[in-house]
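J.: Structure, please.
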Amino acid sequence: MDIDINKYFPTTNSITSPRELKRLSGDIITQADVVSDIINEIVNNGKTDITLCAPVGTGKSIMGLWAALALSDILQKTAVYTSPLNTLVDQMEDNFGGQYVKTIKGREYEKCLSGAQNCSVGYCKQRKCSITKTVPRECGECTERECPCRNCIYTEKLRAFKRAKIGNTNFSIFMIGLSDAEIVIIDECDEVESFVRMNSSITIQENITSKQYSRHMERLEGIRDEAIADIELHDDNITPLEVKELIKRERAVNSIQSILSDYEKRKAWCVSNNKGGTTYQPIDVSKYLDSKLSDKIVIRMSATPYKLESSHVIEVDSTYPVKNRPWIHVPIGKMGRQYRGNTFDKIALFLNRLDGKTVVHCHSYAIADSIKESLNKIRCSKSLYLQVGSVYMDGYTRRDIISAFKASHDENSIMLSVNLIRGVDFPEDEICNNVIVKQPWLNPTDELVKAKNGLLRTTNWQNAEIANTIMQAYGRLPRRAEKKSICYILDTDFNDDAGRGITKNWFDGHKELFYNWFIEAEGNYVGFCERCGKLKDYISYVKYENYKGMVCTNCNLELNKMNRK
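T.: The predicted structure follows:
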């Protein structure tokens, strides 16, 4: 079947034509060719599961939407775009909402017209009439035109979402079954496993240390029965706080029932004890996904997807010039706990010498705090922005901190980030330094890591996760072909000739886990100019320049007079 896909291109004021891409063979193509490949495999070759592997900055979201618009029309099926990251759902709404997609997220994101905090604890959840505040609600007999329940924002958005050809929602909403779409586009698909596991896990406020799994099941049965009895005791006169607690208990009952069901089928869960009690996590989450994705056309997208045997892979490469986006291993020191103290001070000195705004991937709040202390110790004059969790101590959210960093008038500001390796992009020209301070090893003592090692009977999956984390962190800055940025990997363990075991030359031994767009961008570390102390422009791009006499572009000192520092 010949299909003219150009008529389905989702144009906006800022998006007027397809972007240029490249095949692994080196042939230059456009987004239209990739979308044509997807449509052809589904419509003409009968494929129902496609994985699109495309580097950062290639416009996966628009290609997924484009394919959804075409398939929805050709096959007369509804589609849904979904992602584990709310930031990507928000981006889809910001770029294409109204014209191409209808968006729904959780009730907590919508204002309740009755004046309640949000729709998740509104009067309908309390079973009260939003006008008279009496119990029970009698909406069937209501004649009030201005009734908040009748004009509920969430209900109207949900209605529009269900009627839409293309819906847009986060993965948790998709998993609870609000969408009946027959075509599913999953952005950042490699994050789905951890997202589903997080949403299906449960922590009970008791420390059950027994090594007998049956002992845990007995107690969980008791907790489930207690929760069910408590839910049944609630009358119609319920407060917003009790609504929240009731919802938690209902979710807990469902999670516990899933654990008990798996126990009967001899499917293991990971059990771990912590200060908050006992946590239960499913090791294999396939049962949650299979029930939601079976009998559907699925398009998975990511810069670093796991290539499933059951999925047809379409892979493209980056067209961004490698000299504009190099990464360089600068082995400053080890990040093991016994070495960190000395390494933090070296990292601070390194950051202090960089020109331009800098994003630092710290991987933990403890590391971020320690680097901040070291920067203060050397009296670094640069503006520091420390990423926080959901809410900062004086009311600032994580989004506020990121916005403040981007808007900072200090052209050498430093952003100490913890978990910004996905969903947050830094396309601004002045944000030109990207620093990865630690090799993101998985904790070998973590109960889930040990449980997954036992289930898979190998630890190879850990190296794949480490590689994906590094590539995703690298990809936050190179968002446009003409932008120049450098990514520095500082942990000696990344590729240490003098290392031991798995830390010795780790990158060289695991290159098969990295995509070509990352491998080709490896640059040579030359060092800082001994005259001006700067590391600028082409000093670090020796690999891509085949002539002698290179000079420091800051002070014109000849390259052969530079020393590694």
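J.: what secondary structure does the residue nearest the centre of the chain sit in?
T.: Nearest to the mean C-alpha position of the chain, counting by CA atoms, centre = their mean, stands residue 422 at 3.9 Å. What DSSP: H, G, I helix; E, B strand; the rest coil gives for residue 422 is coil.
J.: Show the pLDDT at it.
T.: Here, the pLDDT recorded for residue 422 equals 83.
J.: Run through this protein and note the low-pLDDT ranges.
T.: By pLDDT under 70, the weakly predicted segments of the chain are 1, 234-244, 247, 388-396, 524-565.
J.: coming back round to it: ok, now which ones touch the residue nearest to the centre of the chain?
T.: Listed by CB atoms under 8 Å, 6 or more residues apart in numbering, the contact set of residue 422 reads 85, 188, 191, 472. In short, each C-beta sits where N, CA and C put it, glycine included.
J.: That one and residue 475, how far apart?
T.: 9 Å (CB to CB, to the nearest Å).
J.: rewinding a little: just put the contacts of residue 422 in JSON lines and tack on neighbour count.
T.: What follows is the contacts of residue 422, written out as JSON lines (neighbours: other CB atoms under 10 Å):
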{"residue": "85", "neighbour count": "17"}
{"residue": "188", "neighbour count": "25"}
{"residue": "191", "neighbour count": "22"}
{"residue": "472", "neighbour count": "22"}
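J.: from the residues you listed, which two are the most distant?
T.: Greatest spatial distance among the contacts of residue 422 (CB to CB): 85 and 472, at 11.3 Å.
J.: Can you say which helix or strand has residue 271 in it?
T.: Using DSSP states H and E, the element containing residue 271 is strand 269-274.
J.: Direction included, what does that strand pair up with?
T.: strand 277-282 (antiparallel) (DSSP bridges).
J.: Return the set of buried residues in the partner strand.
T.: Buried residues in strand 277-282, counting neighbours by 16 or more other CB atoms under 10 Å, are found at 278, 279, 280, 281, 282.
J.: ok so, going back, next, the residue nearest to the centre of the chain: phi, psi?
T.: Dihedral pair for residue 422: phi -140, psi 150, per degrees, to the nearest 10.
J.: how close does it sit to residue 397?
T.: On the measure of CB to CB, residue 422 and residue 397 end up 18 Å apart.
J.: what domains does the record give for the chain?
T.: Each domain of the chain is listed here as a residue range: 5-101+164-197+286-317, 206-275, 322-523, per automatic domain parsing.
J.: do you know which of those domains lies nearest residue 148?
T.: For those, proximity to residue 148 was assessed by CB to CB; domain 206-275 is nearest, at 14.7 Å.
J.: end-to-end on the closest one?
T.: With CA to CA, to the nearest Å as the measure, domain 206-275 spans 9 Å from end to end.
J.: So what does residue 521 look like in phi/psi?
T.: According to degrees, to the nearest 10, residue 521 has phi -90, psi 10.
J.: and the nearest residue to it once chain neighbours are set aside, how many neighbours?
T.: Nearest residue to residue 521, sequence neighbours excluded (CB to CB, 6 or more residues apart in numbering): residue 322, at 4.8 Å. Using other CB atoms under 10 Å as the criterion, residue 322 is surrounded by 17 other residues.
J.: Let me see the contact set for residue 190.
T.: 302, 304, 305, 306, 468.
J.: Tell me the one among those residues nearest to residue 494.
T.: Comparing the contacts of residue 190 against residue 494 with CB to CB picks out residue 468 as the nearest, at 14.7 Å.
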